[in-house]
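Enquirer: Let me see the structure of the following:
(one chain, ligands or ions: 1)
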Amino acid sequence: MSDFREVAIDLRPATPSDLNLLSHWDSQPHVIASDPNDDWAWEIELNRNPSWREQLIAEIDGRPIGFIQIIDPALEDSNYWGDVESNLRAIDIWIGEESDLGKGYGTKMMQLALAKCFTDPLVIAVLVDPLASNIRAHRFYERFGFRFVEQRWFDRDNCFVFRLNRTDWNQKT
Ligand SMILES: CC(C)(COP(=O)(O)OP(=O)(O)OC[C@H]1O[C@@H](n2cnc3c(N)ncnc32)[C@H](O)[C@@H]1OP(=O)(O)O)[C@@H](O)C(=O)NCCC(=O)NCCS
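Expert: Have a look, this model is predicted:
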């Protein structure tokens with residue numbers, strides 16, 4: 001009998017009790033490398049739930065492995081994305097521990113997040129903004145059908161913007 005079993009990953013809302021976990025993940029070199037200049041202000045943000053945002057913890061059998069944020073970039077209150085269309089979503093994603101990288105978990109998390117985004121029939125596309133230097137993340141996103149849109153500075157970060165249109169979304173990725 002095979003001992004293979006499909007890894008079941010769930011997304012649940014992040015709560016204030018995730019503060020230590022998220023702060024710990026923030027200190028991991030691979031997380032810093034992907035997002036060196038942002039302060040996520042967890043003490044504040046975990047205590048509020050604006051309608052334009054979901055902050056989610058991915059878990060395998062109850063073990064937290066990563067974080068996903070989904071926002072409506074047109075409504076997000078710091079205006080991070082600037083002038084942007086309505087009916088879009090933007091995603092941030094990372095795996096917390098280096099030992100959990102490259103095992104397919106991020107792919108599964110992204111599939112769940114994209115399904116969540118496109119469940120709303122009004123949503124036309126999803127944006128991501130990896131650092132221009134994060135070539136492996138570019139490849140990761142392109143596998144879902146994301147296409148390069150532009151190179152753009154967000155504050156001190158030199159980023160590539162990628163967009164996944166609903167028509168290019170492949171649930172079987
Ligand atoms: C990007 C990320 C969420 C992918 O999750 P994962 O579980 O590692 O990825 P999977 O095992 O499902 O798929 C493997 C692919 O992920 C990407 N990847 C793996 N390790 C990575 C890393 N340290 N940094 C960036 N991308 C990585 C690569 O595209 C890899 O494919 P490759 O081996 O052909 O290069 C995860 O690697 C991560 O958290 N990286 C660090 C943070 C980051 O770069 N986040 C994205 C910022 S926009």
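Enquirer: To what extent is the nearest residue to residue 34 once chain neighbours are set aside buried, counted in neighbours?
Expert: In this structure, residue 34 finds its nearest non-sequential neighbour in residue 134, 5.8 Å apart by CB to CB, 6 or more residues apart in numbering. Bear in mind the C-beta positions are built from the backbone N, C-alpha and C, glycine included. Neighbours of residue 134 under the rule other CB atoms under 10 Å: 17.
Enquirer: mind checking how far residue 134 is from residue 77?
Expert: 26 Å (CB to CB, to the nearest Å).
Enquirer: The residue of the chain at minimum distance from the ligand: which element?
Expert: Per CB to the nearest ligand atom, residue 106 is where the chain lies closest to the ligand, at 1.8 Å. Assigned by DSSP states H and E, residue 106 belongs to helix 105-119.
Enquirer: Mind listing what's buried along that helix?
Expert: By neighbour count on 16 or more other CB atoms under 10 Å, the buried set for helix 105-119 is 105, 106, 108, 109, 110, 111, 112, 113, 114, 116, 117, 118.
Enquirer: ok, now stretch 49-61?
Expert: 53, 54, 55, 56, 57, 58, 60.
Enquirer: Could you do stretch 129-147 as well?
Expert: For stretch 129-147, burial by neighbour count (16+ other CB under 10 Å) applies to 129, 130, 131, 134, 137, 138, 140, 141, 144, 145, 146.
Enquirer: Dump it to PDB, keeping only the CA atoms.
Expert: Listed next in PDB are the C-alpha coordinates belonging to stretch 129-147 (Å, rounded to 0.1, in the frame of the first residue of the first chain):
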ATOM      1  CA  ASP A 129       4.200  42.600  -7.200                       C
ATOM      2  CA  PRO A 130       7.300  40.600  -6.600                       C
ATOM      3  CA  LEU A 131      10.700  42.300  -6.400                       C
ATOM      4  CA  ALA A 132      12.200  42.600  -9.800                       C
ATOM      5  CA  SER A 133      15.100  40.500  -8.500                       C
ATOM      6  CA  ASN A 134      12.900  37.700  -7.200                       C
ATOM      7  CA  ILE A 135      13.200  35.600 -10.400                       C
ATOM      8  CA  ARG A 136      12.000  32.400  -8.700                       C
ATOM      9  CA  ALA A 137       8.800  34.100  -7.600                       C
ATOM     10  CA  HIS A 138       8.200  35.400 -11.200                       C
ATOM     11  CA  ARG A 139       8.400  31.800 -12.400                       C
ATOM     12  CA  PHE A 140       6.100  30.700  -9.600                       C
ATOM     13  CA  TYR A 141       3.400  33.200 -10.600                       C
ATOM     14  CA  GLU A 142       3.800  32.600 -14.400                       C
ATOM     15  CA  ARG A 143       2.900  28.900 -13.800                       C
ATOM     16  CA  PHE A 144      -0.600  30.100 -12.700                       C
ATOM     17  CA  GLY A 145      -1.000  32.100 -15.900                       C
ATOM     18  CA  PHE A 146       0.100  35.500 -14.500                       C
ATOM     19  CA  ARG A 147       1.600  37.800 -17.200                       C
END
